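Enquirer: Quick check, what structure comes out for this input:
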Amino acid sequence: MKLSQLLAAIGHTCEAQVEITALTCDSRTVTPGALFVAICGEHTDGTQYIQQAVAQGAAAVVSPVPLTVPVPLFVVDDPREALARLAAAFYGYPAKSLTLLGITGTKGKTTTAHMVRDILRAAGHPTGMIGTMGAYVGKEKWADCPNTTPDPLLLHRLLRDMADQGCTHVVMEVSSQAMKHHRLAGLTFAAGVFLNLSPDHIGPGEHADYAEYTACKASFFAQCAGAVGNGEDMAWPQMSAQLPPDAPVTTFGFAPHCDVQGLTVTPVATPTALGTRFTVSGWDTPLDISLPGRHHVQDALAAVALCRSLGLSENVIRQGLAQAAVPGRAQVFPNDRGIRVVVDYAHNAASFRAILSSLHCYPHGNILVVFGAGGNRPPMRRMDMAQVAAELADYAIVTTDNPRWEPVEDICRPITQALGRQIPWEVIYDRKAAIFRALDLAQPGDMVALLGKGHETYIETCGVREHFSEWEVLEEYFHNQS
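Expert: Below you'll find the predicted structure:
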């Protein structure tokens, strides 16, 4: 691609007929003919690597500051935004042939995305999905994504792949970090979904405070042609205020003023799932999902509202919801011991409360919970999770999660201090041993909740991810018991 074609995406011109063969913001991946974009990151300043990039063959450079180099250099105010617009151009603007549907909120993005994806597939629409669990074309895993919303280079490459594979729709989880770092610059979404907002992702390397977190979430809706919002969440007016004039809006929730109103919620248990049946205003027949709790019904209402706004029929929506399953979200491991083993990604106080309170809606004996907390995250999050566990569980085993660069002992200490004498607990740093211990303690009728890892298949320590799958641990345990 000619450099002049690329630069048009960021409002620059270039008369030199330079051929660009690659686009990168990582000097280590520069190859001859590449356009290097110098990004100022949290830990490194990309301008320090411009000379290295040129030495490795970069044909041109985009930088936030002017420098003297032997190749064309173009100064921009925000290299991150420039990278997003350049990536779209480099991959041929794939989003123009796709219906983009974005889902944002503190909790529920992944679950709602799966529901919407499966409803669209039930309607016959080839659909891609991008989010926490990676990128999918239909139900085929296409790529891993290091971030909930990928960086622009990966994102537009994925959109290019999805368009080439015949997808008509793409469902995307939109994170506040993506908006903060302009990963979605230049994209227009046919509809954006707002689920909820609560304090999270605040601290070093994330957001400075709750106000910034809220503002980043809200900025997404300025890029949406329409929106679906949680009519019961106090932050919804801040979100909807960013929409373009006359953008169509649909609200959902349990309150009478919501356009799509949830009415009754009934738990329905099977040997392989803790499901829920619920009703929606104006629809005579209940809908079923294979997930427990009012919070998952809230996600389903969001999916119903979005898909109704797209013109999909009631029968298609019902069919898609019934088929939807989300790995690592209230996932039940079947066994012949008469105990309910639930694997869930809950890793903050709000999600702890949501999953543990939903378990109380089904017949149960004691509820045993196995959990830890991520390292290099606010200590208050750990104590808040412990308080919820003490309130809603009968026994706790505190263990490792992703300690990252923090000693696991330092992570577990505030958890056990917060548990105090409220419920019995013990500490087992080895997560596999902790799970085995909980299963040994459980009696028929009890529930064992493994919280924090969910779909993840690793434990991250000091920058290294070692393979760890709770599902595989459970298979090993029950195989040895048979």
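Enquirer: Could you pull out the helices in the stretch 201-350 of the chain for me?
Expert: For the stretch 201-350 of the chain, the helices defined by DSSP state H, counting those that start in this stretch cover 210-219, 236-240, 294-309, 314-323, 349-359.
Enquirer: what is the orientation angle of the longest one with helix 314-323?
Expert: This means helix 294-309. Inter-element angle recorded for helix 294-309 and helix 314-323: 150 degrees (by axes from the mean of the first three to the mean of the last three Cα atoms, to 10 degrees).
Enquirer: quick one: which of the helices of the stretch 201-350 of the chain is nearest residue 57?
Expert: helix 210-219 (36.2 Å; Cβ to Cβ). Every C-beta, even on glycine, is put in place using the N, C-alpha and C of the backbone.
Enquirer: Output the helices of the stretch 201-350 of the chain in JSON lines, with mean pLDDT and mean neighbour count appended to each entry.
Expert: Putting the helices of the stretch 201-350 of the chain into JSON lines (pLDDT from 0 to 100; neighbours: other Cβ atoms under 10 Å) gives the following:
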{"stretch": "helix 210-219", "mean pLDDT": "89", "mean neighbour count": "18"}
{"stretch": "helix 236-240", "mean pLDDT": "96", "mean neighbour count": "19"}
{"stretch": "helix 294-309", "mean pLDDT": "96", "mean neighbour count": "26"}
{"stretch": "helix 314-323", "mean pLDDT": "96", "mean neighbour count": "18"}
{"stretch": "helix 349-359", "mean pLDDT": "93", "mean neighbour count": "22"}
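Enquirer: Quick one: closest of these to residue 44.
Expert: Taking Cβ to Cβ, helix 210-219 is the member of the helices of the stretch 201-350 of the chain nearest to residue 44, at 22.1 Å.
Enquirer: by contact count, what packs against that closest one?
Expert: helix 176-180, helix 236-240 (3 or more Cβ pairs under 8 Å, 6 or more residues apart in numbering; DSSP states H and E).
Enquirer: So which bits of the helix or strand that contains residue 411 are buried?
Expert: Here residue 411 sits within helix 408-419, counting by DSSP states H and E. Neighbour-count burial for helix 408-419, counted by 16 or more other Cβ atoms under 10 Å, picks out 408, 411, 412, 414, 415, 418, 419.
Enquirer: Regarding this protein, what is its longest strand?
Expert: strand 260-270 (DSSP state E).
Enquirer: Quickly run through the sheet partners of that strand, with directions.
Expert: strand 249-253 (parallel), strand 273-280 (antiparallel) (DSSP bridges).
Enquirer: Just the CA coordinates for it, please, in CSV.
Expert: Output in CSV follows, covering the C-alpha atoms of strand 260-270 (Å, rounded to 0.1, in the frame of the first residue of the first chain):
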residue,chain,number,x,y,z
VAL,A,260,-38.1,-4.4,27.5
GLN,A,261,-39.3,-5.3,31.0
GLY,A,262,-38.4,-8.5,32.7
LEU,A,263,-41.2,-9.9,34.9
THR,A,264,-40.9,-13.2,36.6
VAL,A,265,-37.6,-15.0,37.3
THR,A,266,-37.7,-18.7,38.2
PRO,A,267,-34.7,-21.0,38.9
VAL,A,268,-34.6,-24.2,36.9
ALA,A,269,-32.0,-26.8,37.8
THR,A,270,-30.8,-29.7,35.6
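Enquirer: Give me the buried positions along it.
Expert: For strand 260-270, by 16+ other Cβ under 10 Å, it's 260, 261, 262, 265, 267, 268, 269.
Enquirer: Could you provide these in JSON lines, with additional columns for distance to residue 123?
Expert: Shown next, in JSON lines, are the buried residues of strand 260-270 (distance: Cβ to Cβ, whole Å):
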{"residue": "260", "distance to residue 123": "17"}
{"residue": "261", "distance to residue 123": "23"}
{"residue": "262", "distance to residue 123": "22"}
{"residue": "265", "distance to residue 123": "25"}
{"residue": "267", "distance to residue 123": "28"}
{"residue": "268", "distance to residue 123": "25"}
{"residue": "269", "distance to residue 123": "29"}
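Enquirer: now, which of those sits nearest residue 116?
Expert: Closest to residue 116, out of all of the buried residues of strand 260-270 and judged by Cβ to Cβ, is residue 260, at 13.7 Å.
Enquirer: Can you tell me which of the buried residues of helix 408-419 lies closest to residue 68?
Expert: Ranked by distance to residue 68 (Cβ to Cβ), the buried residues of helix 408-419 are led by residue 411 at 48.1 Å.
Enquirer: so the closest one makes contact with residue 373?
Expert: Yes: counting by Cβ atoms under 8 Å, residue 373 is a contact partner of residue 411 at 5.3 Å.
Enquirer: For the closest residue to residue 136 other than its chain neighbours, give the beta-bridge partners.
Expert: The shortest distance from residue 136 to any non-neighbouring residue, by Cβ to Cβ, 6 or more residues apart in numbering, is to residue 129 (4.5 Å). Beta-bridge partners recorded for residue 129 (DSSP bridges): residue 136, residue 171.
Enquirer: wait, which of the helices of the stretch 201-350 of the chain is closest to residue 56?
Expert: helix 210-219 (34.1 Å).
Enquirer: Just the C-alpha atoms of that closest one, please, in PDB.
Expert: Below are the C-alpha coordinates for helix 210-219, written out as PDB (Å, rounded to 0.1, in the frame of the first residue of the first chain):
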ATOM      1  CA  TYR A 210     -14.400   6.700  39.000                       C
ATOM      2  CA  ALA A 211     -15.100   9.800  37.100                       C
ATOM      3  CA  GLU A 212     -12.500   8.900  34.400                       C
ATOM      4  CA  TYR A 213     -13.800   5.400  34.300                       C
ATOM      5  CA  THR A 214     -17.400   6.600  33.700                       C
ATOM      6  CA  ALA A 215     -16.300   9.100  31.100                       C
ATOM      7  CA  CYS A 216     -14.400   6.500  29.100                       C
ATOM      8  CA  LYS A 217     -17.500   4.200  29.100                       C
ATOM      9  CA  ALA A 218     -19.700   7.100  28.100                       C
ATOM     10  CA  SER A 219     -17.500   8.100  25.200                       C
END
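Enquirer: Fine by me, we can end here.
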